[in-house]
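[1] have a look at this prediction, sequence included:
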Amino acid sequence: MLNIYPEFYDAFHCLAATCPDSCCVSWAVVVDEDAAEHYRRVPGALGEKLREVMETDEDGDLIFRMEGGRCPFFDADGLCRIQRELGEEGLCQTCFKFPRLTHDYGHFIEHGLTLACPEAARLILTQKGPRKLIQRTDDTPEEETNLDEDWLSTLQTLRRQLLDELWSADCGEEEALAVCLLHTQWAQDYADGFDPAPFDREAALTAVGGQGGQSGVMEALLQMHRELEILTPQWAELLREAAQWTDPLPSMPQTGILRPLAEEYLYRYWLQAADDDDLLGRMILLGVNALVVRRLAQVKLAKTGELTIHDLLWLCQLYSKEVEHDEVNREMLLEKLLDDEGLAVDEIAGVCLKT
């Protein structure tokens, strides 16, 4: 089997006790059945604790019941009691794999990291150019899938085109992001069986740039996010403050994170459309992510007079943890977007151009 990795994949190492936002906090850990069987046989005080806190949640998943908003095995020193006493092999699959992701397309597997982890977010978003890919083969046999191989190949070609446009040196990062969204709209029309004229970057930008972005778009987006499930008080406070801010906001400087953010969405979600043809539904969430993070960053800049790369990385990581990495929140947000005719992709692209 062909396995494809971003070059930074092997550079990831868990920050453990020094992590600024541990994955052991706010999230309930889903326990796979093999691990659960093992935990039911663990002796001593750890075994008793394991069996005490394993329970089935409302979705039917076996989880560790959180205590004080964190995993019951997250010790005061910031380390995992299970790993301390049973070793890394004692971890359930959720904890063993996070923040690593795999997307299996039958003949090849793409591997990545999730932005919901602070260290992974740093590796992903501080790239200075297009990510380099590493290919490795192993003895795993290829699998037959129901995917249309011709369509999958077309999606790969389209993704390469979008990546070329995204990293083009002749435009700013906001324009590059807008082009990515507008080209996705074109690709969706193609996927839906229409016969659109070849994508014209300049014409598409001119069309949405003339709109200037409708007033009230950001207010609507912030309200949508406030209606989702909120994991942490700090996220709730950030959204509340941004929604209630009435003073003028400063323009955003070129941050350097929009291109790698868009690239991450293209690698994580684009080829999944081989299964359902839904390109736009996934990529419109990229524009929403960028706009909400930008608004939160602008508020931070207005309040304090400074905005560091650490601030931006934290906001992107927190957004991923609260929204993008949460399947229920992600689907609920997409449903809200599709139900609101004022938030079409060209409108979101137009707001992206406003700095």
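    Cool, the structure landed.
[2] hey, what's residue 109 bridged with?
    Per DSSP bridges, the residues bridged to residue 109 are residue 3, residue 104.
[3] who touches it in this structure?
    1, 2, 3, 4, 102, 103 (CB atoms under 8 Å, 6 or more residues apart in numbering). Quick note: C-beta positions are derived from backbone N, CA and C, even for glycine.
[4] what's the single longest helix in this protein?
    helix 280-304 (DSSP state H).
[5] contacts for stretch 308-323?
    For stretch 308-323, the external contacting residues (CB under 8 Å, 6+ apart) are 20-21, 26-27, 114-118, 121-122, 125-126, 225, 228, 230-232, 234-235, 238, 255-257, 261, 289, 292-293, 296-297, 300, 329-330, 333.
[6] list the buried residues in the longest helix of the chain.
    Buried residues in helix 280-304, counted by 16 or more other CB atoms under 10 Å: 280-301.
[7] which elements pack onto it?
    Secondary-structure packing of helix 280-304 (3 or more CB pairs under 8 Å, 6 or more residues apart in numbering; DSSP states H and E): helix 173-191, helix 217-226, helix 233-244, helix 258-269, helix 309-319, helix 327-339, helix 345-352.
[8] among the ones you listed, which is nearest residue 197?
    Checking the helices and strands packed on helix 280-304 against residue 197 by CB to CB gives helix 173-191 as the closest, at 8.9 Å.
[9] which SSE is immediately downstream of the closest one?
    Per DSSP states H and E, helix 173-191 leads on to helix 201-211 as the next helix or strand towards the C-terminus.
[10] outside of that following helix itself, list whatever touches it.
    With contacts defined as CB under 8 Å, 6+ apart, helix 201-211 is touched by 165, 175, 178, 179, 182, 183, 186, 346, 347, 349, 350, 353.
[11] what subset of the residues you listed is buried?
    Of the members of these, the ones counted as buried by neighbours, 16+ other CB under 10 Å, are 165, 175, 178, 179, 182, 183, 186, 347, 349, 350, 353.
[12] and the strand or helix carrying the first one, what other elements does it pack with?
    When secondary structure is defined by DSSP H and E, residue 165 falls within helix 149-166. If contacts are counted by 3+ CB pairs under 8 Å, 6+ apart, helix 149-166 sits against helix 173-191, helix 258-269, helix 273-276.
[13] mind checking these for the one nearest to residue 8?
    Among those, helix 258-269 comes nearest to residue 8, with 10.3 Å by CB to CB.
[14] list the helices and strands that closest one packs on?
    The helices and strands touching helix 258-269, judged by 3+ CB pairs under 8 Å, 6+ apart, are strand 108-113, helix 118-125, helix 149-166, helix 173-191, helix 280-304.
[15] re the thing from before, farthest-separated two in the contacts of helix 201-211?
    Greatest spatial distance among those (CB to CB): 165 and 347, at 20.1 Å.
[16] would you mark the buried spots in the helix holding residue 165?
    152, 155, 158, 159, 162, 163, 165, 166.
[17] next one: stretch 184-203
    Neighbour-count burial for stretch 184-203 flags 184, 185, 186, 187, 188, 190, 191, 199, 201 (criterion: 16+ other CB under 10 Å).
[18] only alpha carbons, please: show it as PDB.
    The C-alpha trace of stretch 184-203 is given here as PDB (Å, rounded to 0.1, in the frame of the first residue of the first chain):
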ATOM      1  CA  THR A 184     -14.100  25.200  -5.400                       C
ATOM      2  CA  GLN A 185     -17.400  26.700  -6.400                       C
ATOM      3  CA  TRP A 186     -16.400  26.100 -10.100                       C
ATOM      4  CA  ALA A 187     -15.300  22.500  -9.300                       C
ATOM      5  CA  GLN A 188     -18.700  21.900  -7.600                       C
ATOM      6  CA  ASP A 189     -20.500  23.000 -10.700                       C
ATOM      7  CA  TYR A 190     -18.400  20.600 -12.700                       C
ATOM      8  CA  ALA A 191     -19.100  17.800 -10.200                       C
ATOM      9  CA  ASP A 192     -22.800  18.500 -10.400                       C
ATOM     10  CA  GLY A 193     -22.800  17.800 -14.200                       C
ATOM     11  CA  PHE A 194     -22.700  21.400 -15.500                       C
ATOM     12  CA  ASP A 195     -20.300  22.400 -18.100                       C
ATOM     13  CA  PRO A 196     -18.700  25.600 -16.800                       C
ATOM     14  CA  ALA A 197     -16.300  27.600 -18.800                       C
ATOM     15  CA  PRO A 198     -12.600  27.300 -17.700                       C
ATOM     16  CA  PHE A 199     -12.100  28.900 -14.300                       C
ATOM     17  CA  ASP A 200     -11.100  32.500 -14.700                       C
ATOM     18  CA  ARG A 201      -9.300  33.700 -11.600                       C
ATOM     19  CA  GLU A 202      -9.400  37.400 -12.300                       C
ATOM     20  CA  ALA A 203     -13.000  37.500 -13.400                       C
END
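[19] and residue 272, how far is that from residue 163?
    16 Å (CB to CB, to the nearest Å).
[20] now do residue 121
    Residue 121 is 20 Å from residue 163, by CB to CB.
[21] what about stretch 334-353, start to end distance?
    Start-to-end span of stretch 334-353 (CA to CA, to the nearest Å) is 21 Å.
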